[in-house]
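Peer 1: Requesting a structural model of the entry that follows:
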Amino acid sequence: MPQPVVLTSSEEEAVQRLGRRIKAARLRRNITQEAMASRAGVTRKTYADLEAGKPTVGLSILVKTMMILGYLDRVGDLLAADPIGEDAEAESGRKRASSRSGIGDF
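Peer 2: Reported below is the predicted structural model:
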């Protein structure tokens, strides 16, 4: 069974802020939670969890919601520019990430 993801307070705030922004976008379009949930193919509770910023909501539900709201193109833009990774690659070269026991991906 996978370990639950533990978020820092700043990570939790970022997820909650995203949920609030999704809610605001839905309200500006005058769409109910029930209608959004139906269009996304999830229950109203699952959709409400997304707006509440609960980290247990799946990425596919977020992507589907972004599509419904007309923002699907923004999903692909999230890491279009990666200055931190590009700087690290330029400095040390590209290396294959190793998989070591007890160390999780991030």
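Peer 1: dump the residue contacts of Tyr44.
Peer 2: For the record, residue 44 is Arg, not Tyr. Contacts for Arg44 (C-beta atoms under 8 Å, 6 or more residues apart in numbering) come out as Gln33, Glu34, Ala37. C-beta: built from backbone N, CA, C; applies to glycine.
Peer 1: Please name the nearest non-neighbouring residue to it.
Peer 2: Nearest-residue entry for Arg44: Ala37, 4.4 Å, with adjacent residues in sequence omitted and distances by C-beta to C-beta, 6 or more residues apart in numbering.
Peer 1: re earlier: could you rank the contacts of Arg44 by neighbour count and give me the top one?
Peer 2: Counting neighbours by other C-beta atoms under 10 Å, Ala37 leads the contacts of Arg44 with 19 neighbours.
Peer 1: now the residue nearest to Arg44: how far from Arg21?
Peer 2: 18 Å (C-beta to C-beta, to the nearest Å).
Peer 1: now do Ala35
Peer 2: Using C-beta to C-beta, Ala35 is found at 18 Å from Arg21.
Peer 1: Can you list the low-confidence ranges for the chain?
Peer 2: For the chain, applying pLDDT under 70 flags the ranges 1, 94-106.
Peer 1: Determine the number of other residues adjacent to Ala81.
Peer 2: By other C-beta under 10 Å, the residues close to Ala81 number 9.
Peer 1: and it, helix, strand or coil?
Peer 2: Counting by DSSP: H, G, I helix; E, B strand; the rest coil, the backbone at Ala81 sits in coil.
Peer 1: how close does it sit to Asp87?
Peer 2: Look at Ala81 and Asp87: by C-beta to C-beta, they are 12 Å apart.
Peer 1: Cool, thanks, talk later.
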